[in-house]
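In: Sharing a sequence plus its predicted fold:
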Amino acid sequence: MTSLHPLRTRLNHLRGAIALSPLMLTVLTIAFVLVADNGTFWSIGTQIFSGHALSFAGYMLAVFFLTLALFSLFAYPWTVKPFLIFIVLLSAVTSYYVDALGVIIDRDMIQNVMVTTMAESRHLITAGFVAHVLIYGVLPALVVAWVRLKPRGPIRTAVMPVLTCVVSLALAAGLLMADLKSYSSILRERKDFMSSYQPGAPLVGAIRYARMVSRSTNVEVASIGTDAHKGPAYANPAKPMLTIVVAGETARAQNFSLNGYGVDTNPELEKLPIINFTNAHSCGTATAVSLPCMFSKYTRDDYSYEKGISTENVLDVIQHAGLNVAWWDNNTGDKGNAKRIEMRSFTNEQDPRFCDAGECIDGVFMDALKAYADSITEDTVLVLHQMGSHGPTYYLRYPPEFARFAPSCNTAEFKSCTPEEITNAYDNTIAYTDHILAQTIDLLNANDRLATSLIYMSDHGESLGESGLYLHGSPYFMAPEQQTHIPMILWMSDAYKDRFGIDEACVADQKDKLLSHDNLFHSLLGMLDIQTAERNPSLDIFADCKLKTQVANNE
């Protein structure tokens, strides 16, 4: 303790000698964040303004003054430190994911964060993340807290923040007007530029998310498909029907060997009589958006969070028709899809074969699925929401015997792995999904009591380092194909095809057709012969593929 006394004394003297006004502390903090927490922002800007240094400088000054205009409104003695500490910590957290993984923190990403689980989010808190936040967040925040504020008179204290806001806005406007045509073009064409600005992008995203949630606080869910009823296929069924809809997680079509990928990631499915749709695309790039969208009646262009939570989905319509509908989840929840149907979570199962540290791999479904199929006495639709290939801990998504592609990345810290190791770990997850799907199909095919089918569709894809991007969640306008091109697979037993009059060859003719999550709602209804005005035949891949006897019955 004695040895610390001289240091404490010197720090106290230094603190007494250095005093900053709230506005100066705000200016210095903005400058620090702009320099230290905006690597991606500077990198994109340097690329855009290559050869136009003066124009670049003017734009960056405009961004600085716009930020100062907003932040100066908090530059009062009683608010400035808490606000700036929040800004410093926020910028440190978001800049790590933006600079290290290429993630964009917008409204949809914030929505994804808000609905995630602790088990999922803990994998993102790595040693590199902690070190980054300590250096660029905690230490600067301590400096902000330590600095002594210079006392000002009451009039100056009250007037200076407002005056600074007005002057800063004027300066920013003047700088932008100096080259408005160029700056406007950049903002229109390079939306990724300002989307990478810290802390502006996450603050705007948080405000948009709060507005979105506030508009839907007291929403009432509108019923749809109340006219739904069973078609002729249910008139004299020889066997009960079981259709399994597998909602995949983070599987991208590019890494399916069924789609021509050079690594054998689908050795089991390629031996089965499946239809592999090669050109399917997702509604969003994150589970919180894609999962409710894919089961909704809305197309991607029409879908919104508000519409999604205020309207029943295809599972409700199927239930209205009198079928038994259930949702089994091994992920972060159903995202509102299963609110009105039977729901079971597998994430906290205690099966040592498949579950460890609060998470389970998808093999956890299989024993329960066999028992469930053996007990079915009525027509049933079951959704399996997979853990699938969710990153960054790909190595936790498959058992050791499925570590086929080596060396693989066995950490969430991607910078510690080579591109080959990251891809190998991801390919192992796809191979395990291949096994789970094949095992499920074999189980269904072996059950002679039922007419069975399976349709698999991933919620979104994944980036594995292409163009500096990792994981998923990029805004759709700038999302690479790896995050939106998804696998889609269909299998039907002979008993199922016979009962529902499905011409398999006709469906297979559409395997290369442009499809998307838009088709799932309507195709499920067509596949299941659910009669309702909600079904749009133009989006139903089965609409023109019913055998003549079935068409005649429908008429």
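Out: Yes, it's here.

In: Give me the below-cutoff pLDDT ranges for the stretch 151-300 of the chain.
Out: Scanning the stretch 151-300 of the chain for pLDDT under 70 picks out nothing.

In: What of the chain?
Out: 1-17, 117-120, 357, 548-555.

In: And the residue nearest the centre of it, how far from Thr393?
Out: Central residue of the chain (C-alpha atoms, centre = their mean): Ala286, 1.6 Å from the mean position. Ala286 sits 17 Å away from Thr393, going by C-beta to C-beta, to the nearest Å. Just so you know, the C-beta spots here come from the backbone N, C-alpha and C atoms, and that holds for glycine as well.

In: what does Pro161 give?
Out: Pro161 is 45 Å from Thr393, by C-beta to C-beta.

In: My guess is Gly388 contacts Asp362. True?
Out: Yes. Using C-beta atoms under 8 Å, Gly388 is in contact with Asp362, at 6.9 Å.

In: more crowded one of these two?
Out: Asp362 (28 against 24; other C-beta atoms under 10 Å).

In: Need the residues touching each of Gly388 and Asp362.
Out: Thr433 (C-beta atoms under 8 Å, 6 or more residues apart in numbering).

In: Please enumerate the strands of the stretch 401-550 of the chain.
Out: In the stretch 401-550 of the chain, the strands defined using DSSP state E, counting those that start in this stretch lie at 451-458, 463-464, 470-471, 485-492, 515-516, 530-531.

In: Dump the ones you listed to CSV, plus mean neighbour count.
Out: Shown next, in CSV, are the strands of the stretch 401-550 of the chain (neighbours: other C-beta atoms under 10 Å):
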stretch, mean neighbour count
strand 451-458, 25
strand 463-464, 23
strand 470-471, 20
strand 485-492, 25
strand 515-516, 20
strand 530-531, 20
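
In: out of these, nearest to Arg148?
Out: With respect to Arg148, and counting by C-beta to C-beta, the nearest of these is strand 470-471 at 42.2 Å.

In: quick one, helices of the stretch 401-550 of the chain?
Out: Taking DSSP state H, counting those that start in this stretch as the criterion, the stretch 401-550 of the chain carries its helices at 419-446, 481-484, 494-500, 504-508, 518-527, 548-554.

In: Take these and lay them out in JSON lines including mean neighbour count.
Out: Formatted as JSON lines, the helices of the stretch 401-550 of the chain follow (neighbours: other C-beta under 10 Å):
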{"stretch": "helix 419-446", "mean neighbour count": "21"}
{"stretch": "helix 481-484", "mean neighbour count": "21"}
{"stretch": "helix 494-500", "mean neighbour count": "19"}
{"stretch": "helix 504-508", "mean neighbour count": "15"}
{"stretch": "helix 518-527", "mean neighbour count": "24"}
{"stretch": "helix 548-554", "mean neighbour count": "13"}
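
In: Spit out the contact partners of the closest residue to Asp374 other than its chain neighbours.
Out: In space, Asp374 comes closest to Asn447 once its chain neighbours are excluded; the distance is 7.2 Å by C-beta to C-beta, 6 or more residues apart in numbering. By C-beta under 8 Å, 6+ apart, the residues touching Asn447 are Leu242, Ala373, Asp374.

In: ok, of those residues, which come out buried?
Out: Leu242, Ala373 (16 or more other C-beta atoms under 10 Å).

In: now, which of the contacts of Asn447 lie within strands?
Out: Using DSSP state E, the subset of the contacts of Asn447 located in strands is Leu242.

In: Is the closest residue to Leu149 other than its chain neighbours in a helix, a strand, or coil?
Out: Spatial nearest neighbour of Leu149, excluding adjacent residues (C-beta to C-beta, 6+ apart): Pro77 at 5.6 Å. Under DSSP: H, G, I helix; E, B strand; the rest coil, the three-state class of Pro77 is coil.

In: Thought Pro22 was touching Pro77, still the case?
Out: Yes. Judged on C-beta under 8 Å, Pro77 makes contact with Pro22 at a distance of 5.9 Å.
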